[in-house]
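Engineer: show me how the following folds:
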Amino acid sequence: MTLQTLYLIGFMVLVGAIIGGLTNSLAIKMLFRPYREIKLGSWRVPFTPGLIPKRHEELAGQLGKMVVDYLITAEGLGKKLKNPVFTDGMTKWLRIEVEKILKSEKSAANLIEESIGLKQPKQIALAKTEELVQKSMSTFLTNNREKTLEQVLPETLLRKVDETLEPATTYILERGQAFIGSAEGKEKLSVMIDRFLIQKGTFGNMISMFLGNDRLVDKVQPELLRFLQDSGTKKLVFQLLEQEWVKVKQKQLKEVEEYLNEEELVSAIVRGLESNVAIFQWIDQPMKQWSGTYQETIMNTYIPKGVEVILDLLSSHLEELLKRFHLDEIVSEQVKGFSVERLEELVLSISKREFKMITYLGALLGGIIGFIQSLIVGIIG
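Structural biologist: Numbers count the residues shown, from 1 in each chain. Model (predicted):
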């Protein structure tokens, strides 16, 4: 083999390698470039724009479909949500965040204002409570005006009043005895007797003259005390209270309604709720001041159970949620929003090494083809 033949082989190998490498490099660049269509007059230059700029919208749509159909699926997300590692991580994170809140110097009202921008939450809660009580009371009165109190009032309340009649009878008689037996009671009784005798005119004066007022009081007071202590009196008072209670129960609600001031009643109920429902006191106190009692229960019971319930709920509705999110449209819109330069940068950052290897492979193949061609030329020559 002559030196000239070696030069020819080397030259053709070099030319083939350069052509192969440049061709592959150009093909890779033509995926993205030119970025825009080039026209000479009304004639569009072939292969402009590049493949990806030309198919930008189609690529965006296909990427969105691929993400929904193959990458982010309900089945895949469901498995992830039920994974013990994920569940434990979520529980641990939530415990840390909740602990910060429970040990905060800020009140619940402050935290609500800061997190969702709701001003004066306690006042809003009270206003909503008043509105609810007002609405409930109006509905109740409208639906039950023709009913008796016995039909309307709770059975437990009716039974409680029935049980209270006897103690009430005893209380009334004992208070009456205490009053009549006191110095004040005796004085009042004396005044009443005196007034009674005056009203009787001459007959009263005669009684007063013969007996004397003080003597009459001394006689009446013990008799009244004996009357109040008598078992028959107790039975009589009990029967009277019972009869009156029966009459009250038979009254229709509309008869009682006229004695009610609905606005004052609603206001009283709301004030009672504010004073007795703990949340209305807690909302203005620092969280750490009252949350300590409940911290262990919240951390060890409510949070794990809450995470379990939420993840189960999400898992069972993932398919519907993904449909409502329109994830394919979101991905498609995001990709459409990318500039072609950005897409090129993104793809090259991931596959730069592979693209270089393709270029080198083209040069290698070009070199091999050049070598074969040089052999053919040598044989023919």
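
Engineer: tell me the domain boundaries of the protein?
Structural biologist: Split into domains by automatic domain parsing, the chain comes to 3-81+321-380, 127-282.

Engineer: now the first one: average pLDDT?
Structural biologist: So that's domain 3-81+321-380. Mean pLDDT, computed over domain 3-81+321-380, is 81.

Engineer: just to revisit the earlier point, reformat the domains of the chain as a markdown table; add distance to residue 95 and mean neighbour count.
Structural biologist: For the C-beta atoms, the positions are set from N, CA and C on the backbone; glycine is no exception. Below are the domains of the chain laid out as a markdown table (distance: least, Cβ to Cβ, whole Å; neighbours: other Cβ atoms under 10 Å):
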| stretch | distance to residue 95 | mean neighbour count |
| --- | --- | --- |
| domain 3-81+321-380 | 18 | 15 |
| domain 127-282 | 21 | 13 |
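
Engineer: distance to residue 310 for the ones you listed - can I get that in JSON lines?
Structural biologist: Below are the domains of the chain laid out as JSON lines (distance: least, Cβ to Cβ, whole Å):
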{"stretch": "domain 3-81+321-380", "distance to residue 310": "9"}
{"stretch": "domain 127-282", "distance to residue 310": "23"}
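
Engineer: mind checking the ones you listed for the one nearest to residue 305?
Structural biologist: The closest of the domains of the chain to residue 305 is domain 3-81+321-380. By Cβ to Cβ, the value is 15.7 Å.

Engineer: now do the closest one: distance to the chain's middle.
Structural biologist: Counting by Cα atoms, centre = their mean, to the nearest Å, domain 3-81+321-380 is centred 50 Å from the centre of its parent chain.

Engineer: what sits up against stretch 350-367?
Structural biologist: 13-25, 28, 348 (Cβ atoms under 8 Å, 6 or more residues apart in numbering).

Engineer: hmm, 7 Å instead?
Structural biologist: Applying Cβ atoms under 7 Å, 6 or more residues apart in numbering, the external contacts of stretch 350-367 come out as 13, 16, 17, 18, 19, 20, 21, 23, 24, 25, 28, 348.

Engineer: is it fair to say residue 377 lies in a helix?
Structural biologist: Yes - counting by DSSP: H, G, I helix; E, B strand; the rest coil, residue 377 is found in a helix.

Engineer: against residue 21, how distant is the closest residue to it other than its chain neighbours?
Structural biologist: Nearest residue to residue 377 in three dimensions, chain neighbours excluded: residue 8, at 6.9 Å (Cβ to Cβ, 6 or more residues apart in numbering). Taking Cβ to Cβ, to the nearest Å as the criterion, residue 8 is separated from residue 21 by 20 Å.

Engineer: which non-adjacent residue is nearest residue 20?
Structural biologist: Excluding its sequence neighbours, the residue lying closest to residue 20 (Cβ to Cβ, 6+ apart) is residue 366, at 2.1 Å.

Engineer: now distance to residue 130 and secondary structure too, for the contacts of stretch 350-367, in CSV please.
Structural biologist: Compiled in CSV, these are given as follows (distance: Cβ to Cβ, whole Å; DSSP: H, G, I helix; E, B strand; the rest coil):
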residue, distance to residue 130, secondary structure
13, 94, helix
16, 91, helix
17, 88, helix
18, 88, helix
19, 87, helix
20, 85, helix
21, 82, helix
23, 82, helix
24, 78, helix
25, 77, helix
28, 72, helix
348, 65, helix
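
Engineer: which of the residues you listed sit farthest apart?
Structural biologist: Across the contacts of stretch 350-367 (Cβ to Cβ), the longest gap, 29.3 Å, separates 13 and 348.

Engineer: about what we covered before: the residue nearest to residue 377 touches residue 375, doesn't it?
Structural biologist: No - with contact defined as Cβ atoms under 7 Å, residue 8 does not count as touching residue 375 (9.9 Å).
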